[in-house]
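J.: Okay, sequence plus prediction incoming.
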Amino acid sequence: MSDGGTRGAAIPPLSPREAADMAASVLARCRELARLSEDEGGLCRCYLTPEHKRANALVGRWMREAGMRVRQDAVGNICGRYEGAEPGMSAVLLGSHLDTVRDAGIFDGALGVLAAVEITARLHRDKLRLPLALETIGFGDEEGVRFGVTLTCSRAVAGTWDDAWLACRDESGVPLRDALAEFGLNPAEARGAGRSPAEIAAYLELHIEQGVLLEKARVPLGVVSAVNGARRVECCFYGQSGHAGIVPMGGRKDALAGAAEWISAVERAAEADASGCLATVGFIQCGPNVVNVIPGLARMRLDLRGPDEAALDCLYEEILRAGASVAGRRALSFTHEQFYRVRNTPTDARLRSVLGKSIRRVQKKNFVLSSNAGHDALALAALCPVGMIFVRCRGGVSHHPDESVETADVAAALSALMLALADIGHGALQS
Ligand code: GLV
Ligand code: MN
Ligand code: MN
């Protein structure tokens, strides 16, 4: 079946012309995919929505055209497989996510999936096969926008799915269990998405940087050393609702005013941290949320990130103490429940070296950086060695419609990825 026999064919580097054409095609497809949105005015594509289904259909079609065998797995990931020199070999898995935040940019996630499809299409066109299989996955849920839990789909693939997530509800009260069923999946079989370490030799993810380090260094690409640790916590202030025109200012238990004070304390605490921790309260619900009623409830979600686990834990404790202290002063009660915790996760040293070498061939020097944003690679690290390439994006802007990448930078990324695959094909992971 393979031109190269069981050892696989040598994979030639992309010519500059070829890389530029492929990059243009990837970017055109990112734009086409972005038309599949829940919102008319901007991009939003959440897990298990009709738009997710349409995105899987479109990307599945592109995968098939690229010579892959395509299936949707038990949690709604779209998966394509391009066999290696012999059928049934373990695979190098490429990919990223197809879900987005609200009012998103069009490259976060999609770029990595569509670059993988393009790379495979090029191998298919030239009838080239690696000694390993090459798989591409478009994860259904990395952002965690709809159900609060994050990296759901990559954790399912890594074998760390938790059935407790089935009870998580979206804003309309729909539990994940029902959303899976509505999508045509069996919630009882979600664990079936898990892959075994014997099946997956490595996971490689191409992603926009979502920061400015590459731009400052004037290089298009960098290799990711680690994905930083994160904590997410649901916090609530409970007070007493009452008549806005009657209850005197001194006698109130205003949960939202308490939340406002606490959010400022969160910001100050993170600003004072010297280790690079970031803290954000990006979600808040107020109850009863009516103009002439004092808020009796403020429910928030806090997101903490940082490269240093001890500093992160320390900031976390300080922030919770600040919540208790605000509550004490204002006669409110304060509760907190951590719903997501990941440790700082280094990428695989051999893959860093392979990717660093291919980046040096493309742009003369390598650049190493860590990621404060979460990525599917973080979840996949529980299954197999993981590696990541970051591509420069304009001004570091991300989770915003102004996200932008240069075609030439994407061409450089495709070239580096192809070189890395050729190296892996020649046994770079065995040495
Ligand atoms: C994902 O984009 C995250 O880091 O929150
Ligand atoms: Mn994102
Ligand atoms: Mn992303």
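T.: Everything's here; your move. Numbering: from 1, shown residues only. Ligands and ions are numbered 1, 2, ... in the order given.

J.: Look up phi and psi at residue 169.
T.: The phi and psi torsions at residue 169 (degrees, to the nearest 10) take the values phi -110, psi 150.

J.: Just give the nearest non-adjacent residue to it, would you?
T.: Closest residue to residue 169 apart from its sequence neighbours, by CB to CB, 6 or more residues apart in numbering: residue 175 at 5.1 Å. C-beta coordinates here come from the backbone N, C-alpha and C atoms, glycine included.

J.: buried set for the helix or strand hosting residue 357?
T.: Take DSSP states H and E as the rule and residue 357 turns out to sit in helix 349-363. By 16 or more other CB atoms under 10 Å, the buried positions in helix 349-363 come out as 350-360, 362-363.

J.: And for it, what's in contact with it?
T.: Identification of contacts with helix 349-363 by CB atoms under 8 Å, 6 or more residues apart in numbering yields 13, 202, 204, 219-225, 366-368, 385-389, 412, 415-417, 419-420, 423-424, 428-429, 431.

J.: hmm, which of these are the buried ones?
T.: Buried residues within those, defined by neighbour count using 16+ other CB under 10 Å: 202, 204, 219-225, 366-368, 385-389, 412, 415-417, 419-420, 423-424, 428-429.

J.: quick check: domain ranges of the chain?
T.: Domain assignment for the chain by automatic domain parsing gives 16-228+344-430, 230-342.

J.: who wins for proximity to ligand 1 among those?
T.: Proximity of these to ligand 1 was assessed by CB to the nearest ligand atom; the nearest stretch is domain 16-228+344-430, lying at 3.5 Å.

J.: Relative to the whole chain's centre, how far out is the lengthiest helix in the chain?
T.: Within the chain, and with DSSP state H defining each element, the longest helix by residue count is helix 309-330. Using CA atoms, centre = their mean, to the nearest Å, the mean C-alpha position of helix 309-330 is found 27 Å from that of the whole chain.

J.: wait, residue 347 sits on residue 386?
T.: Yes. Using CB atoms under 8 Å, residue 347 and residue 386 qualify as a contacting pair, with a distance of 5.5 Å.

J.: count of neighbours near the nearest residue to residue 90 once chain neighbours are set aside?
T.: For residue 90, the nearest residue in space outside its immediate sequence neighbours is residue 201; the separation is 4.7 Å by CB to CB, 6+ apart. Using other CB atoms under 10 Å, residue 201 is surrounded by 18 other residues.

J.: ok, now residue 140?
T.: 30.

J.: pLDDT score for it?
T.: In the prediction, the pLDDT value recorded for residue 140 is 98.

J.: show me what contacts it?
T.: Under the criterion of CB under 8 Å, 6+ apart, the contact list for residue 140 reads 47-48, 52, 56, 75-78, 97-99, 152-153.

J.: Over to residue 233. Which of the three states is it?
T.: For residue 233, the assignment made with DSSP: H, G, I helix; E, B strand; the rest coil gives strand.

J.: Residue 62 now?
T.: Looking at residue 62 with three-state DSSP, the answer is helix.

J.: Model confidence for the residue nearest to the spatial centre of the chain, exactly?
T.: A centroid search over the chain (CA atoms, centre = their mean) returns residue 375, at 3.7 Å, as the residue closest to the centre. Per-residue pLDDT puts residue 375 at 97.

J.: Excluding sequence neighbours, find me the nearest residue to it.
T.: The shortest distance from residue 375 to any residue other than its chain neighbours is 5.6 Å, reached at residue 227 (CB to CB, 6+ apart).

J.: thought the one you found was touching residue 379?
T.: No. Taking contact to mean CB under 8 Å, the distance of 9.6 Å between residue 227 and residue 379 leaves them out of contact.

J.: List the residues that are in contact with both of the two.
T.: Counting by CB under 8 Å, 6+ apart, residue 227 and residue 379 have no contacts in common.

J.: So, low pLDDT: which residues of the stretch 51-200 of the chain?
T.: For the stretch 51-200 of the chain, not a single residue meets the criterion pLDDT under 70.

J.: All the strands of it, residue numbers only.
T.: Assigned by DSSP state E, counting those that start in this stretch, the stretch 51-200 of the chain shows strands spanning 69-72, 78-82, 91-97, 133-139, 200-208.

J.: counting contacts, what elements does the second one pack onto?
T.: In terms of contact count using 3 or more CB pairs under 8 Å, 6 or more residues apart in numbering; DSSP states H and E, strand 78-82 is assigned the packing partners helix 50-65, strand 69-72, helix 110-125, strand 133-139.

J.: Check the burial of residue 82 by counting its neighbours.
T.: By other CB under 10 Å, 26 other residues sit near residue 82.

J.: An error on my part: the question was meant for residue 304.
T.: Around residue 304 there are 25 other residues, counting by other CB under 10 Å.

J.: Where does it fall, secondary structure wise?
T.: Residue 304 belongs to strand 297-306 when elements are defined using DSSP H and E.

J.: who does that strand pair up with?
T.: Taking DSSP bridges as the criterion, strand 297-306 sits next to strand 229-238 (antiparallel), strand 278-287 (antiparallel) in its sheet.

J.: roughly how far out does the first one sit from the chain middle?
T.: Spelled out, that is strand 229-238. Going by CA atoms, centre = their mean, the spacing between the C-alpha centre of strand 229-238 and its chain's C-alpha centre is 20 Å.

J.: need the next SSE after that strand, C-terminal direction.
T.: strand 242-243.

J.: Need the residues that contact that next one.
T.: Here strand 242-243 makes contact (CB under 8 Å, 6+ apart) with 252, 292-294, 296.
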